[in-house]
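1. Generate coordinates for the sequence data below:
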Amino acid sequence: MYLGIILLWIILNGRITGEILIFGIMISVAVSLFSIKVMGYSMKSDERFLRNLPLFIGYIFVLIWEIIKAALAVAFLSLGRTKPDPQIMEFHSGLTSDLQNVMLANSITLTPGTITVFQEGDRFVVHCLRKEYGEGLEDCIFVRMLRKFK
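-> This is a model prediction of the structure:
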């Protein structure tokens, strides 16, 4: 985290001088100490972040692909080839972490044709434009990928 803060400081300044580096080091130390004392930051957080980074990048690519597929399906729906049949679906994801469940809720909402209406723990209520858009949500690709995060 410390190195990331210094790098961000240099990028935002746009140039490197002795004064900018010294001031950046002092600010980075202050922000790091604040994070440790107040926000409960630890080196394990960085380690966990780096360990999950490849999974997260893969998740982003899968999310983009699913958004594209769903956008095409909704486009065909709006062009009148099929009729909307709105449904409210409820399911349990089985994910244990709040972060995993929030990521799933946001991924569902970002995907065209579905909106997370309610999420509490691993319980989800989702509005779908068609019943098949919501079928299998409890074991969709998002849930399978999120289970791999530690």
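2. Relative to Lys37, how far out is Gln119?
-> 32 Å (Cβ to Cβ, to the nearest Å). The way it works is simple: take the backbone N, C-alpha and C, and place the C-beta from them, glycine included.
3. Please disregard the earlier target; I meant Gly18.
-> Taking Cβ to Cβ, one finds Gly18 at 29 Å from Lys37.
4. Pull out the buried residues from the helix or strand containing Ile68.
-> Secondary structure from DSSP states H and E places Ile68 in helix 43-78. By 16 or more other Cβ atoms under 10 Å, the buried positions in helix 43-78 come out as Tyr59, Leu63, Glu66, Ala70, Ala73, Val74, Leu77.
5. other SSEs contacting it?
-> Secondary-structure packing of helix 43-78 (3 or more Cβ pairs under 8 Å, 6 or more residues apart in numbering; DSSP states H and E): helix 98-110, helix 141-147.
6. Mind putting these into JSON lines with mean neighbour count?
-> Listed next are these as JSON lines, based on neighbours: other Cβ atoms under 10 Å:
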{"stretch": "helix 98-110", "mean neighbour count": "17"}
{"stretch": "helix 141-147", "mean neighbour count": "17"}
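7. How much space separates Asp46 from Thr111?
-> 31 Å.
8. typo on my end, Leu53
-> 23 Å.
9. Likewise for Leu63?
-> Distance from Leu63 to Thr111, counting by Cβ to Cβ: 8 Å.
10. domain parsing for the protein?
-> Split into domains by automatic domain parsing, the chain comes to 2-37, 48-147.
11. Roughly how far does Ser42 sit from Phe149?
-> In terms of Cβ to Cβ, Ser42 sits 18 Å off from Phe149.
12. And those two? Which one has more around it.
-> The residue with more neighbours, out of Ser42 and Phe149, is Phe149; 16 against 12, by other Cβ atoms under 10 Å.
13. which SS state does that one fall under?
-> With DSSP: H, G, I helix; E, B strand; the rest coil as the basis, Phe149 sits in coil.
14. What of Phe118?
-> Phe118 is classified as strand under three-state DSSP.
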